[in-house]
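Enquirer: this is the structure alone, sequence omitted:
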């Protein structure tokens, strides 16, 4: 019998989230699974790693018949400790999610879910982050699970070029409403932030970060456009952030 | 008299670090300064934002004659709260650092210093992150301060194209040993991690993340090459992470 591929699963909403439960079930037929996920919500952690605190790791029985661990660190810590401490071989695939909420456009930078996938790409392991455009803890993950299975299967078949990963976002709503997938570029957007100012019982101010996601790029080849039109968006992603077009211009400056 | 440009200063080592002190002094002749910096070390925080905890902001007298605040959040939080809550006008420039330690190559992804600059770029404000290749709390910042002043002056003069920032790294050592600046691309590298396993007094395991930075790209146009040859590296940086070369290939898949 052929050896099943090893699939590492993580997320940023924590091991008890509905999103990772659905991702585990979607991956089950595709390989041998190991889960290493945060022991608490780690949304918005971006590519953070834990260097000022020790990291705790605990065995978990969260998923029937699946080797699983909770980690006190960030999603990127989860990938690192899985690769360098837990797993005896390199996984064939790393999947992260399914995130409760969008990681399309500029959100990729803030996203713990996608940073885990990017860390996989840095390690040159085919990696995919999945996110559903529904923040609800009890969101309908049927479409997300369906496409996660389909996309992971294709990635296992074709692999991915060196140092790349995929950023997959799934529209909110029922599976039957989704029109299919679109390969997209990362759209441009920013958070028009608001800081909600309050006072604690001791008279000291504190703030909650809040805001509106403001899309500044309505190109039909963007992930935002695809999602707005009920397609699953797939953005091939890499982590060389060089602004190559600016190199010759800077060479003219007095630096 | 001409109005002086407004310069926002932040870092990830915290407001008491020697690096930000040197950056403040280097910026003093160039504009009106406002400092919003973390109240504690926030190294390795990447592009993390604080969404599960309230954010505290306090006035600080850290820098003689300079409006300054400590923020309980991450470097990206510092930029956001400065732009949306503290400052009455948009700054002409955001500078971050000077970081104690390299943010060259792939380190840009883990770096709180550079994520603050990238957040500035998202907000379309010319931004520069500065990092010195010396982790020592009492490192010699003379070269860093000299080049930070020079580069910031040029950025104020020319501005930067939309949604870009600069990642500047300064070699360790004396100013006189630095050969000048080089405009570079982001080199390829990864952290060959090690997890140091220990036991707490209660018999529970914990881990410290550790490792060796492994450079896999020795191109003479990389930041790593420039730094190895005693040049200040300047990498023009953007945050569209799309792997454009992969779009047509993925369109052939059964997705």
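Expert: Yep, it's here. Note that the coordinates shown come from a computational prediction; the quantities given were computed from them, not determined experimentally.

Enquirer: who touches the nearest residue in space to residue A:137 that is not next to it in sequence in this structure?
Expert: Leaving aside its chain neighbours, residue A:137 sits nearest to residue A:18 (6.3 Å; criterion: C-beta to C-beta, 6 or more residues apart in numbering or on different chains). Any C-beta I mention is one placed from the backbone N, CA and C, and that applies to glycine too. Residues in contact with residue A:18 (C-beta atoms under 8 Å, 6 or more residues apart in numbering or on different chains) are A:100, A:137-139, A:141.

Enquirer: which stretches of the stretch 151-255 of chain A form helices?
Expert: For the stretch 151-255 of chain A, the helices defined by DSSP state H, counting those that start in this stretch occupy A:223-228, A:247-250.

Enquirer: which elements pack onto the longest one?
Expert: With contacts defined as 3 or more C-beta pairs under 8 Å, 6 or more residues apart in numbering or on different chains; DSSP states H and E, the secondary structure elements packing on helix A:223-228 are strand A:165-170, strand A:232-237.

Enquirer: contacts for it, please.
Expert: A:102, A:104-105, A:133, A:167, A:169, A:171, A:182, A:184-187, A:189, A:215, A:217-219, A:232-233, A:235.

Enquirer: which ChimeraX command selects the buried ones in these?
Expert: A single ChimeraX command selects the buried members of those (16 or more other C-beta atoms under 10 Å in any protein chain shown):
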select /A:102,104,105,133,167,169,171,182,184,185,186,187,189,215,217,232,233,235
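
Enquirer: so where is the stretch 1-150 of chain A shaky, pLDDT-wise?
Expert: A:1 (pLDDT under 70).

Enquirer: redo that, cut-off 90
Expert: A:1-3, A:43, A:52 (pLDDT under 90).

Enquirer: between the helices and strands packed on helix A:223-228, which one is closest to chain B.
Expert: strand A:232-237 (3.6 Å; C-beta to the nearest C-beta).

Enquirer: tell me where the stretch 1-150 of chain A has strands.
Expert: Per DSSP state E, counting those that start in this stretch, the stretch 1-150 of chain A carries strands over the ranges A:6-10, A:32-38, A:57-60, A:67-71, A:93-100, A:127-132.

Enquirer: minimum distance to residue B:36: which of the ones you listed has it?
Expert: strand A:32-38 (28.2 Å; C-beta to C-beta).

Enquirer: tell me, how many residues neighbour residue A:142?
Expert: 15 (other C-beta atoms under 10 Å in any protein chain shown).

Enquirer: for it, which non-adjacent residue is spatially closest?
Expert: residue A:175 (4.6 Å).

Enquirer: which residues touch the one you found?
Expert: Neighbour list for residue A:175: A:142-143, A:146 [criterion: C-beta under 8 Å, 6+ apart].

Enquirer: now the residue in the stretch 51-200 of chain A positioned nearest to chain B. Nearest residue, chain neighbours left out?
Expert: Closest approach between the stretch 51-200 of chain A and chain B, counting by C-beta to the nearest C-beta: residue A:54, at 3.8 Å. Spatial nearest neighbour of residue A:54, excluding adjacent residues (C-beta to C-beta, 6+ apart): residue B:206 at 3.8 Å.

Enquirer: again, but for residue A:186
Expert: Once flanking residues are discounted, residue A:186 sits nearest to residue B:242: 4.6 Å by C-beta to C-beta, 6+ apart.

Enquirer: same check, this time on residue A:79
Expert: Using C-beta to C-beta, 6+ apart, the nearest residue to residue A:79 is residue A:119, at 4.4 Å.

Enquirer: which residues of the stretch 1-150 of chain A lie near chain B?
Expert: Counting by C-beta under 8 Å from any C-beta of the partner chain, the stretch 1-150 of chain A comes close to chain B at A:41, A:43-52, A:54-57, A:73-74, A:76-77, A:80-81, A:83-85, A:106, A:108-110, A:115, A:118, A:122-124, A:150.

Enquirer: would you list the buried entries among these?
Expert: Neighbour counting by 16+ other C-beta under 10 Å classes A:41, A:43-51, A:54-55, A:57, A:73-74, A:76-77, A:80-81, A:83-85, A:106, A:108-110, A:115, A:118, A:122-123 among these as buried.

Enquirer: which of those fall in helices?
Expert: A:76-77, A:80-81, A:115, A:118, A:122 (DSSP state H).

Enquirer: pick out the most distant pair among these.
Expert: Farthest pair in those, by C-beta to C-beta: A:81 and A:118, 16.4 Å.

Enquirer: OK, contacts around the closest residue to residue A:178 other than its chain neighbours?
Expert: In space, and not counting its chain neighbours, residue A:178 is closest to residue A:143: 5.0 Å by C-beta to C-beta, 6+ apart. If you count contacts by C-beta under 8 Å, 6+ apart, residue A:143 has them with A:132, A:170-171, A:173-175, A:177-178, A:232.

Enquirer: swap in residue A:144?
Expert: Residue A:144 neighbours (C-beta under 8 Å, 6+ apart): A:19, A:22-23, A:26, A:97-98, A:130, A:132, A:170.

Enquirer: gap between the two ends of stretch A:102-115?
Expert: 14 Å (C-alpha to C-alpha, to the nearest Å).

Enquirer: nope, stretch A:171-184 is what I was after
Expert: 14 Å.

Enquirer: looking only at pLDDT, what's the mean for it?
Expert: For stretch A:171-184, mean pLDDT is 98.

Enquirer: now find how far off-centre it is within its chain.
Expert: Remark: stretch A:171-184 is offset 18 Å from the chain centroid, using C-alpha atoms, centre = their mean, to the nearest Å.

Enquirer: again with stretch A:169-179
Expert: That offset, for stretch A:169-179, works out to 18 Å (C-alpha atoms, centre = their mean).

Enquirer: find the nearest non-adjacent residue to residue A:170, please.
Expert: Residue A:170 sits nearest to residue A:144 (C-beta to C-beta, 6+ apart), 4.5 Å away.

Enquirer: then residue A:149?
Expert: Residue A:149 sits nearest to residue A:26 (C-beta to C-beta, 6+ apart), 4.3 Å away.

Enquirer: wait, residue A:86 sits on residue A:58?
Expert: No - contact criterion C-beta atoms under 8 Å: residue A:86 and residue A:58 do not qualify, at 11.8 Å.

Enquirer: quick check: the farthest pair among the contacts of residue A:18?
Expert: The farthest-apart pair in these, when distances are taken by C-beta to C-beta, is A:137 and A:141, at 11.0 Å.

Enquirer: those two - which one has more neighbours?
Expert: residue A:141 (25 against 11).

Enquirer: for the more buried one, grab phi and psi.
Expert: For residue A:141, the backbone dihedrals (degrees, to the nearest 10) come out as phi -100, psi 10.
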